[in-house]
Every structure is written in structure tokens, then in C-alpha cells.
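**Q** Got a sequence here, can you model it:
(2 chains)
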Amino acid sequence: MAILQVSNLTKNFKGLAAVLNLSFNVEGGEVLGLMGPNGAGKTTVINLITGFLRPDSGTISWHDENIAGLKPHKIVRRGVTRTFQQPRVFPNVTIFDNVFVGLSQSDRSRLFSATDPRQKVSDIFEFVGMKTKPSTLAKDLPQDELRRLEIARAIGSDPELILLDEPVSGLTPEESDSIANIVLRLNKGGITLVIIEHVMRMLMRVSHRLVVMNNGSKLSEGTPEEVRRDPLVTEAYLGKEGEEIA
Amino acid sequence: MLKTKVSIGRGRISIPMVFAIGLLGVMMVLPFLVQKQYLLHVIILANILAVFALSWDLLAGFMGQLNLGHSMFFGIGAYTIGFITMAYRIPPVLGLLLGGLISVLLSLVVGIPCLRLRGPYYAIATLAFSQVLFTLAMGLPKLTGSEEGITKIPKFITSIQGNYYFSFFLLVVAVIALNLLFRSKFGKKLISLREDERLSEAAGIDTSTYKIIGAAMSAFLAGFMGAYNCYYHGNVTPDMLSISLTFSVVAVVVFGGVGTLYGAIPGAYILTFLNEYLYFIMDYRLLIYALVIMLILLYSSGGLLGLLRERLKVFNHGNTSSQ
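**A** Below you'll find the predicted structure:
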């Protein structure tokens, strides 16, 4: 059953269409990969779904409620959260507080049974495999721990859907595998995920379905295998057969 | 974070804590040791300035919301007492609370339209509002007494010793309250606004509401101290709404350390004593402030407290290395 329905979504920046009549669904419990060349409009889609941008037209239905244009914190409270392409943390506060401030008020949690906030943060850190001490300032974290911290912060709000924007960008293959494992465990725990990623190995490994975007529109949709075989996708990434590279 | 600790009995407490307790003890007995009432008067002024500066630091240092007209909250608190006491006799505690509450109302009027936006709007609006209020205070002599202000306001506490202890009590309460605030989840959310407002939104924080509440808390503290300042001096003048007063608190906090909580206290003491004992160079006061602040910032971006922390770190590191 679709928990998120994006219908005819359009967003222009100064007359240039970043997203154009885009429609796709996200089924509850799946991992949906959102892929496309640079500038395809993937991050804009995440910004529109999470309230960081207001669409020019179209609807974003979350459990049959149109959330398009709602403020980001209201969307988070409905169970939709995100991470950012460039890891964003509160740099001058501890990594514990980075998660603590966004912790859901609800006693019920999809993944964790602890009701004590401190225990909950500790459980989240264990879940994402944070190795750094909770009292460390976030600005002192290495890149892979920053990524884990972002995911930890997202988990803290007890979401039903997490949108991850290039979660393994800048990481080594080993670190990327570790993040992929977190994604799989989150999904196993009942959390639905939408992932933007350029690292195909990661995307093919974790995604149940893929939506491919090009120039703001949907180019292809299907299982990883179906998308892999789609000539339109090959063309978008590699150019037409026989086309000369300028 | 300071690591230096000493053992007392079974417990271990930090050296800054021992220093703070010692200082607290000295401050408690000071009126019995000092014959000069003028010194106590200067300390009262420093305590008032310190709490007022803490209220600015709460908003600018901890929440990242620059306020360039903070004196208006202090001044409105003071004028509230001035207007009320002309017509009614009210218990002073009620007067202090009213001073704070009227400032909160003013902060809502300025904050609700401006704090919803990102950017310099709040800083500009506070500057503009404070200038309007200053002009009104100067230009409505029948209501405000113009430059002379409103005088002969009955004093809340008549003895200098009483005011010394009361101002000191207010400073301690403000420090404890702000300390508790920033240890709470609510306070940590306020700090997150300074760190990254967009990320705060992504973490589910209603940033507009938190900014408005934080600004109201800051205004309450400033208005409360403005009201107390009015009771202490027995008058209120437009100076309490002036831009130079705002820049004094900015100087105090920058000098002591922005967003450090304790930095405003040494900042207020040093600048008040400089002000009182170097009164003969009053005209160059702001120039001297600027020079002192530049010197401090040259050595430490964290102000006086940051400099002290860095020195203690070096000291600790030296001790550890030599062991």
C-alpha cells in the first residue's frame, strides 16, 4: 500500500523546471532508490517532500493527507524525516545532544523499547554503530561518523519514512557497506526509506525499486534489474549509442 | 572543558567550582569588610549590568539571534515602574514582574513578525524600535519627563547593603536559571537554532516558536532588571533606552565571551569599574571599550573566559606532560 503519493509535482527556479510533472508512489516497508544524473532534480524532490521547498503545483499525499507546503517540523511530526547531501550536524554541541534535541516525545518507538531519553539515544548510537564518545563535539567527527550521526538524528524522531540524500557520498567502500547495512536493518525494523545515491553498488544492493529521473521528470521506474535493462536509462547516463563525446 | 579537579573528602570538584564558591563567600561578607559605600554601589551596578548582559547573551550568544536594540527591553521595564508609581502604589515585587511582562509584550510585537524570517530582520527591527522609543521618551516631556526622565520613584530597598545583597541574589538566580535552562531539552533546542536553523527544522523543531519564546525570556530578564534599576536609582531617563546602553551590553558579552554564560559577569564587572573609576575620560569610553575588546579578541575569539580556558588548558597540559 502506498504511504506516500507524489502526483504531478512541479517546481521551477527562475523559469527553469527543476522538477516537472513528477509522479511516483512509495510503498510502506520498501526501500525506494531515486537515481538520475547530476541536476536531474532528485534533491529538489526531497526538499519538496520534507517541506524545505513549496511546490509550484502538484500534491504530496502522506497517508492521504496533502503535506505539500507544510512546514518541515510539521512533516517530521507526521513521521517523515531526512538527511542532507552534505552532512549537516550541530557542530558545536555534543553528538549526544545532536540526537537528543530531535528525540520524539512519544514513548512508543518503532525500533527501540527504551522510554528514558538517555537510554534511547544510547540505543540509537548502538544501532548505527557510532564508535565516538557521546560527549564529543560533532565538529570533531570524521566523515563516516558524521553520516552515522545524521542517520541517528533522523532515527531519533521515530520516523515512518526516512529520505537519505547521498548517504555514502565521500565514504570508502567499507564505510559505504556499513551504511548500507544500517539501511537494511532500518528497513527490517519496519522503516520505509527513499535513497538518493550515485553509488550504484549501494543503490542496487538495498533498493526494492528504483525511480530514475532526468531533467526533472521521471525517466524510468521498476526493480533494479528492470531499470538496469532500460535503454532510456543507459542513454541518460552514457549518451546515445554512436554519439560522439564532445 | 576544564579537567583540573581536586579531591575534597570522597568527592572531586573542579578548580573553577572551588574558585566560584570562594568568590561567593567573599562577596557574601564584603559589606562587612568594606567601609566605602561607593564600592558597594559600583558592585550593584555591575550586578545589574551582568544580568542585563546575560539576557542579551541568551538571545544572541546562545540562540544566534542578533539584537541591536536590547536597551528597549531594559528601558521599557524601567519606564513601566516610572509610569505606574506616578499613579499607584504597588508592591515592588509586582512592579518588577510587571516590568518584565511589559518587556515580554514588546518582544512579541517586534519578534512575531520578524523572528519568523531568517536573516537580519530582527536585528534591524530591534534597532529601529529602540530608536523610536528613545525618540518618544525624549519628545514627550509631559508623559516621560523628556531628558530629565521620571524622578522621585520610591525606592524598593533603601539601604546600600540591602541592594547589594538583592542584586547579588538576582545575579546568582539568573546564572542558575540559565544554567538549568541550557541543560534542559528546551534549552538545547534553543542552542540548536544558533548552530543550524534548517537542521533544527529537519529535527522537528518549530524554529519560529522557539525563537519567539527565547526572545520573550530574554526580554523578561532585561525588563525585570530595568525595573530593578529604576527602583534602585529612584528615577528613569531616556538613557535607559539608548543605543549606547545596547552597545555597552554587547561590549560586556563580547569582552567576557559570547555564549559562555559566565563570561558576561567578569565582562560586566571590568567594564563597570572602568566606567566608574575612569569617569574623567567618559567621552572616550566607547573608544576604550572597543580597544579593550579588540585586544581580547586578538588573543582569543572566546573573549576573556575563552582566553582563561585556553590558558588553563595549557596549564593542565603542562602539568600532565611533566608527570
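**Q** Tell me how far the residue in chain A that chain B sits nearest to lies from B:Phe74.
**A** Here chain A gets closest to chain B at one residue, A:Gly102, 3.2 Å apart by Cβ to the nearest Cβ. Using the backbone N, CA and C atoms, a C-beta is placed for each residue, glycine as well. Taking Cβ to Cβ, to the nearest Å as the measure, A:Gly102 falls 35 Å from B:Phe74.
**Q** For these two, work out which one has more neighbours and name it.
**A** B:Phe74 (33 against 26; other Cβ atoms under 10 Å in any protein chain shown).
**Q** got the contact list for the closest residue to chain A within the stretch 151-300 of chain B?
**A** Per Cβ to the nearest Cβ, B:Ala203 is where the stretch 151-300 of chain B lies closest to chain A, at 3.2 Å. Contacts of B:Ala203 were listed using Cβ atoms under 8 Å, 6 or more residues apart in numbering or on different chains, and they are A:76, A:101-102, A:153, A:156-157, B:192.
**Q** Identify all residues paired with the nearest residue to A:Met35 once chain neighbours are set aside through a beta bridge.
**A** In this structure, A:Met35 finds its nearest non-sequential neighbour in A:Val212, 5.4 Å apart by Cβ to Cβ, 6 or more residues apart in numbering or on different chains. Per DSSP bridges, the residues bridged to A:Val212 are A:Met35, A:Ser220.
**Q** Number of residues surrounding A:Lys218?
**A** Here the number of neighbours of A:Lys218 (other Cβ under 10 Å) works out to 20.
**Q** Just the terminal-to-terminal distance for stretch B:276-294.
**A** 21 Å (Cα to Cα, to the nearest Å).
**Q** Test my guess that the residue of chain A closest to chain B contacts A:Asp158.
**A** No - under the criterion of Cβ atoms under 8 Å, A:Gly102 makes no contact with A:Asp158, lying 9.7 Å away.
**Q** which regions of the chain lie under the pLDDT threshold?
**A** All of this refers to chain A. By pLDDT under 70, the low-scoring segments of chain A are A:106-108, A:238-246.
**Q** my bad, the chain I had in mind was chain B
**A** Looking at chain B by pLDDT under 70, you get B:1-13, B:311-323.
**Q** Near chain A, which residues of it? Just list them.
**A** Applying Cβ under 8 Å from any Cβ of the partner chain, one finds that chain B approaches chain A through B:185, B:188-189, B:191-192, B:195-196, B:198-207.
**Q** Please check the residues you listed and keep the buried ones.
**A** Among the residues of chain B next to chain A, those classed as buried by neighbour count (16 or more other Cβ atoms under 10 Å in any protein chain shown) are B:188-189, B:191-192, B:195-196, B:199-207.
**Q** for the residues you listed, which one is nearest B:Gln65?
**A** B:Thr207 (10.6 Å; Cβ to Cβ).
**Q** now the nearest residue in space to A:Pro159 that is not next to it in sequence, what's its secondary structure?
**A** Using Cβ to Cβ, 6+ apart and skipping the chain neighbours, the partner closest in space to A:Pro159 is A:Thr81 (4.2 Å). Secondary structure, DSSP: H, G, I helix; E, B strand; the rest coil: A:Thr81 is strand.
**Q** What residues does A:Thr81 make contact with?
**A** A:50, A:154, A:157, A:159, A:161-163, B:202, B:204.
**Q** Can you tell me which of those residues is closest to B:Gly162?
**A** Distance ranking of the contacts of A:Thr81 against B:Gly162, using Cβ to Cβ, places B:Gly204 first at 47.4 Å.
**Q** That closest one is in contact with A:Gly102, isn't it?
**A** Yes - taking contacts as Cβ under 8 Å, B:Gly204 lies within contact range of A:Gly102: 5.5 Å.
**Q** Need the overlap of contacts for these two.
**A** A:76, A:157.
**Q** Please enumerate residues in contact with stretch B:157-173?
**A** Stretch B:157-173 has contacts (Cβ under 8 Å, 6+ apart) with B:24, B:27, B:30-31, B:37, B:40-41, B:43-44, B:47-48, B:50-51, B:225, B:228, B:231-232, B:265.
**Q** Please repeat the previous calculation with a cut-off of 6 Å.
**A** B:31, B:37, B:40, B:44, B:47-48, B:50-51, B:232 (Cβ atoms under 6 Å, 6 or more residues apart in numbering or on different chains).
**Q** And the longest helix along chain A, what's buried?
**A** The longest helix of chain A (DSSP state H) is helix A:173-188. Within helix A:173-188, the residues that count as buried by 16+ other Cβ under 10 Å are A:175-176, A:178-180, A:182-183, A:186-187.
**Q** quick check, distance from that helix to the centre of its chain.
**A** Helix A:173-188 sits 13 Å away from the centroid of its parent chain (Cα atoms, centre = their mean, to the nearest Å).
**Q** Same question for stretch B:94-114.
**A** Stretch B:94-114 sits 16 Å away from the centroid of its parent chain (Cα atoms, centre = their mean).
**Q** Name the residues of it that are buried.
**A** Quick answer for stretch B:94-114 (16+ other Cβ under 10 Å): B:95-104, B:106-108, B:110-111, B:114.
**Q** burial count for the closest residue to B:Arg89 other than its chain neighbours?
**A** Among residues not flanking B:Arg89 along the chain, B:Pro154 sits closest, at 7.9 Å (Cβ to Cβ, 6+ apart). B:Pro154 has 12 neighbouring residues, counting by other Cβ under 10 Å.
**Q** ok, then the element right after the longest helix seen in chain B?
**A** When chain B is scanned for its longest helix (criterion: DSSP H), the result is helix B:207-233. Following helix B:207-233 in sequence order, the next helix or strand is helix B:243-256 (DSSP states H and E).
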